[in-house]
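Peer 1: Return a 3D structure for these sequence lines:
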Amino acid sequence: MYKILVVCDHTFTRAGFEHLISTCDSFDLVGAEMLTSNTVENCASGSVDVIIVDIGSLDQPMKTLRSLRKASETLQILAYCSEKGIDIAVEALDAGASGILTYTSELSDLQMAVRRVMNGDNYVQPDMAMDIFAKLRQADAKRKEAERLRLTARENQVVRHLMQGMTNGQISAKLNISEKTVKHYIGSLKDKFGAANRLEVVLEAQRLGV
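Peer 2: Numbers count the residues shown, from 1 in each chain. Now for the predicted structure:
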């Protein structure tokens, strides 16, 4: 029997989870509660197998997920979110969630999700799986492209100031280097990004999340 904890700051939703899980013989509901200062500590104690976190109800959901993951490598985390929240779902997976449930999930989906994550697999609700996988592939491609560029520490500084709309003179003063040196770094950035001007450098840097 899997020990389940539900964390949700919305009373009505929390009650719904309690009712749903109570109908399943394979689940032992440890509790359904608001997020408190003791939640992470309790999960780290090993008294919970799977925690279901309603990330839409929390003020800092990703911070909570990271704290839970850091507290216990064996704890399985299911993030519950809107079926339209593709970006949020991807963030949740990056933050340590083992699986994603949505507002359209049913008991059978929950049962499958728990079985999957307890077996060491990931679970993503089918109605958003393709979009999530596409987003993850896109993010991975961006990471690889950004790694391929291999910007130097100074180039990173210059491109960040460019993204803030600074002029060459302002960047020069900020980094305590000459404007000629700033122009040199901008030229290097143009080459690496395949950009024709500084605006294209900024747009490419934004696209790649540099």
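Peer 1: Name the residues linked to the residue nearest to residue 53 when sequence neighbours are not counted by a beta bridge.
Peer 2: Closest residue to residue 53 apart from its sequence neighbours, by CB to CB, 6 or more residues apart in numbering: residue 7 at 4.9 Å. (Glycine included, C-beta is placed from N, CA and C.) Beta-bridge pairing of residue 7 under DSSP bridges involves residue 33, residue 53.
Peer 1: Contacts only, for residue 7.
Peer 2: With contacts taken as CB atoms under 8 Å, 6 or more residues apart in numbering, residue 7 has the following neighbours: 33, 34, 35, 39, 51, 52, 53, 54, 58, 64.
Peer 1: just checking, the fifth one touches residue 80?
Peer 2: No: under the contact definition of CB atoms under 8 Å, residue 51 does not touch residue 80, with a separation of 10.5 Å.
Peer 1: any idea how far the residue nearest to residue 53 is from residue 188?
Peer 2: As defined by CB to CB, to the nearest Å, residue 7 lies at a distance of 48 Å from residue 188.
Peer 1: what's the answer for residue 167, then?
Peer 2: Going from residue 167 to residue 188 by CB to CB gives 18 Å.
Peer 1: Same question for residue 5.
Peer 2: 52 Å.
Peer 1: Repeat that for residue 3.
Peer 2: Separation of residue 3 from residue 188 (CB to CB): 55 Å.
Peer 1: so residue 41 touches residue 71, yeah?
Peer 2: Yes: between residue 41 and residue 71 there is a contact under CB under 8 Å: 7.4 Å.
Peer 1: now the chain, which segments are flagged as low pLDDT?
Peer 2: Scanning the chain for pLDDT under 70 picks out the ranges 83-84, 129, 139-148.
Peer 1: Using PDB, write out the CA atom coordinates for the one helix or strand residue 65 maps to.
Peer 2: Taking DSSP states H and E as the definition, one finds residue 65 inside helix 61-71. Once non-C-alpha atoms are left out, helix 61-71 reads as follows in PDB (Å, rounded to 0.1, in the frame of the first residue of the first chain):
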ATOM      1  CA  PRO A  61       5.600  26.100  -6.100                       C
ATOM      2  CA  MET A  62       8.900  25.600  -7.700                       C
ATOM      3  CA  LYS A  63      10.800  26.500  -4.600                       C
ATOM      4  CA  THR A  64       8.600  24.000  -2.700                       C
ATOM      5  CA  LEU A  65       9.300  21.200  -5.300                       C
ATOM      6  CA  ARG A  66      13.100  21.800  -5.100                       C
ATOM      7  CA  SER A  67      13.000  21.700  -1.300                       C
ATOM      8  CA  LEU A  68      11.100  18.400  -1.400                       C
ATOM      9  CA  ARG A  69      13.500  16.900  -3.900                       C
ATOM     10  CA  LYS A  70      16.500  18.100  -1.900                       C
ATOM     11  CA  ALA A  71      15.000  16.700   1.300                       C
END
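Peer 1: list the helices and strands that helix packs on?
Peer 2: Counting contacts by 3 or more CB pairs under 8 Å, 6 or more residues apart in numbering; DSSP states H and E, helix 61-71 is packed against helix 39-44, strand 50-54, strand 76-81, helix 86-95.
Peer 1: Need the residues that contact the second one.
Peer 2: Just to be clear, that refers to strand 50-54. Contacts for strand 50-54 (CB under 8 Å, 6+ apart): 2-10, 13-14, 17, 43, 61, 64-65, 68, 75-81, 97, 101, 110, 114, 117-118.
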